[in-house]
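> Next one to model:
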Amino acid sequence: MEGVLMSKFFLVPGAEGWNLISRPAENGNWRVRAFPSLDDAAQTLSTDDDVVLALPISAVLAQRMRLPSVEGSELREMVRIQLEKALPFSTEEVTSDFEVIEQANGECVISAVAVQNQRLTEIAAPLLNRRVIPRAVTVYAAQRVATHAGKGCALFIYPESGALVSAISENGKLSFARTIDGGVDALLELELPQLTMTAELQGISASFQNVLVDEKCFALRGKVEQALASPTEMMAVETPPASTGLNLLPQAWREERQRQVRRDQWKKRLVGAGIAYGAIVALALIHLGYLKFRTRQLDHQIERDAPRTVFVRAAANNWKALAPAIDPHFYPIEILLHVFDSLPSQDVRITAYNQSARQISIEGEANKAALAYQFADKVKKHPDLQNFTFDMQSPRILPNDHAQFRLEGRPR
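Numbering: from 1, shown residues only. Sure thing, here's the model as predicted:
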């Protein structure tokens with residue numbers, strides 16, 4: 001499915017239900033459709049679609065870490081160990097990923113997220129039941145912060161799956177997230193100061209460069225500004241959301257998706273082969289029909305030209321029969337003269353000569369068999385005897401070592 005033109009879809013949690021952000025393959029216009037459940041949204045998708053599934057904050061564990069600055073697999077292993085301490089599950093039961101927020105003074109700040117595989121399977125069941133395996137699984141909060149605040153520290157407040165989410169970003173990476181009790185009716189003047197205090201205890205600056213409130217929470221804008229003493233900006237659903245480095249796609253899903261891609265590729269190849277075979281058969285039938293049509297045309301032409309053909313053949317036969325009488329090349333005296341011209345020496349003698357319309361027969365005797373062969377070869381090569389094909393059998397050797405021969409010629 002990768003590498004070919006197909007529709008792109010982002011499934012993200014909405015204020016109530018799910019939003020499907022899509023761009024059909026045939027045009028570049030993004031649109032947002034709201035569905036009451038993920039099952040309803042899955043009904044519009046097929047296995048060929050490029051789907052990115054974004055999880056709600058309530059389904060994942062998001063943790064900010066400060067670790068020694070190392071590279072590659074060593075850093076990944078350190079993150080895994082830290083998550084193992086925070087999770088009530090074994091690391092085999094979860095899928096996790098992380099992004100580096102910043103690196104300085106031999107340390108790096110990490111944004112790590114994890115999801116229990118069973119919980120992820122339950123959420124994505126409507127997709128999996130339709131054999132729609134996402135290309136990537138990420139966190140919607142991470143997509144939102146990457147879209148609206150690529151630099152600095154920012155606070156996001158938005159509704160998600162019936163709850164109110166507050167998320168903090170650092171340099172476009174999700175560093176802190178929690179749900180606010182009470183949803184849109186929460187006492188933000190109490191909740192937000194507690195939130196900033198908790199963030200500061202984790203080393204996150206509470207001096208937000210941006211405070212963004214979802215347009216569906218417009219009524220909360222005044223409360224937010226009063227609680228934080230900071231102006232707010234409104235944000236709408238992202239079309240499309242920015243990409244993130246977080247991918248919580250389980251390994252088993254990756255492998256199944258690869259198998260599905262290979263199956264789809266083979267199906268397309270078989271369909272292509274079937275179309276090509278059908279085209280070849282169709283061309284063969286067309287060609288066969290054309291040949292039959294031409295055969296009928298030729299039969300009609302032969303039938304129409306039959307009287308003239310019979311006349312031409314009869315005339316040709318007559319001319320062939322008259323050729324010995326009217327063509328000097330067939331005159332017996334001329335042929336006999338050419339035969340005598342071909343005698344290699346006086347040691348070769350002609351004893352009999354017969355000629356009819358169909359055959360010339362020359363009998364003779366030579367002192368040696370080689371002379372007989374020499375005579376036959378000269379007759380065959382004589383320029384005035386090329387209207388005939390001559391053939392001589394092996395000469396018969398006489399008691400005196402002379403050779404009797406018979407040379408026969410037929411018109412070509």
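
> Let me see the contact set for the residue nearest to V137 when sequence neighbours are not counted.
Spatial nearest neighbour of V137, excluding adjacent residues (C-beta to C-beta, 6 or more residues apart in numbering): L248 at 4.3 Å. The way it works is simple: take the backbone N, C-alpha and C, and place the C-beta from them, glycine included. Contact analysis of L248 by C-beta atoms under 8 Å, 6 or more residues apart in numbering lists L55, V60, T95, S96, D97, V113, A114, V115, L120, V137, T138, V139.

> and L248, helix, strand or coil?
Here L248 is recorded as coil under DSSP: H, G, I helix; E, B strand; the rest coil.

> Tell me the spacing between it and D97.
Separation of L248 from D97 (C-beta to C-beta, to the nearest Å) stands at 6 Å.

> Put the alpha carbons of stretch 38-45 into CSV.
Extracted C-alpha coordinates of stretch 38-45, given in CSV (Å, rounded to 0.1, in the frame of the first residue of the first chain):
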residue,chain,number,x,y,z
LEU,A,38,-14.8,4.7,16.2
ASP,A,39,-16.9,1.8,14.9
ASP,A,40,-18.9,4.3,12.8
ALA,A,41,-15.8,5.9,11.5
ALA,A,42,-14.3,2.5,10.6
GLN,A,43,-17.2,1.8,8.3
THR,A,44,-15.9,4.4,5.9
LEU,A,45,-12.4,2.9,5.7
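
> Show residues contacting it.
For stretch 38-45, the surrounding residues in contact (C-beta under 8 Å, 6+ apart) are 9, 11, 17-18, 20, 33, 35, 51, 123-124, 126-127, 129-130, 132.

> how many other residues sit next to Q297?
For Q297, the count of nearby residues is 10 (other C-beta atoms under 10 Å).

> Separate out the buried members of the contacts of stretch 38-45.
Buried residues within these, counting neighbours by 16 or more other C-beta atoms under 10 Å: F9, L11, W18, L20, F35, V51, I123, A124, P126, L127, V132.

> where are the low-confidence patches of this structure?
The model of the chain has pLDDT under 70 over residues 1-7, 25-27, 182-186, 321-327.

> How is it partitioned into domains?
Under automatic domain parsing, the residue ranges defining each domain of the chain are 8-249, 255-318, 329-411.

> looking at the ones you listed, which is buried most?
Highest mean neighbour count of the domains of the chain: domain 8-249, a mean of 18 (counted as mean count of other C-beta atoms under 10 Å).

> and the residue nearest to A86 when sequence neighbours are not counted, which of the three is it?
In space, A86 comes closest to Q63 once its chain neighbours are excluded; the distance is 5.9 Å by C-beta to C-beta, 6+ apart. Using three-state DSSP, the structure places Q63 in strand.

> Just list whatever residues bridge to Q63.
Beta-bridge pairing for Q63 (DSSP bridges): A112.

> mind checking the end-to-end distance for stretch 101-108?
Stretch 101-108 has an end-to-end distance of 7 Å (C-alpha to C-alpha, to the nearest Å).

> go on, stretch 388-401?
Terminal residues of stretch 388-401 lie 30 Å apart, using C-alpha to C-alpha.

> Likewise for stretch 123-141?
Across stretch 123-141, first to last residue, C-alpha to C-alpha, it's 17 Å.

> what's the spacing between it and its chain's center?
25 Å (C-alpha atoms, centre = their mean, to the nearest Å).

> what's the closest non-adjacent residue to S90?
Nearest non-adjacent residue to S90 (C-beta to C-beta, 6+ apart): E84, at 7.7 Å.

> List the residues that are in contact with both of L248 and D97.
Between them, L248 and D97 share these contacting residues under C-beta under 8 Å, 6+ apart: V113.

> quick one, what contacts L20?
Here L20 is in contact with F9, F10, L11, V32, R33, A34, F35, A41, T44 (C-beta under 8 Å, 6+ apart).

> What strands line up against the helix or strand encompassing it, and which way round?
L20 belongs to strand 18-23 when elements are defined using DSSP states H and E. Applying DSSP bridges, strand 18-23 is found paired with strand 8-13 (antiparallel), strand 31-35 (antiparallel).

> For the longest one, which outside residues touch it?
Read that as strand 8-13. In contact with strand 8-13 (C-beta under 8 Å, 6+ apart) are residues 18-23, 25, 38, 41, 45, 49-56, 127, 134, 140, 143, 160-161, 237, 240-241.

> and the contacts of L20 as TSV, adding distance to T351?
TSV is the format used below for the contacts of L20 (distance: C-beta to C-beta, whole Å):
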residue	distance to T351
F9	107
F10	111
L11	112
V32	116
R33	113
A34	119
F35	116
A41	112
T44	108
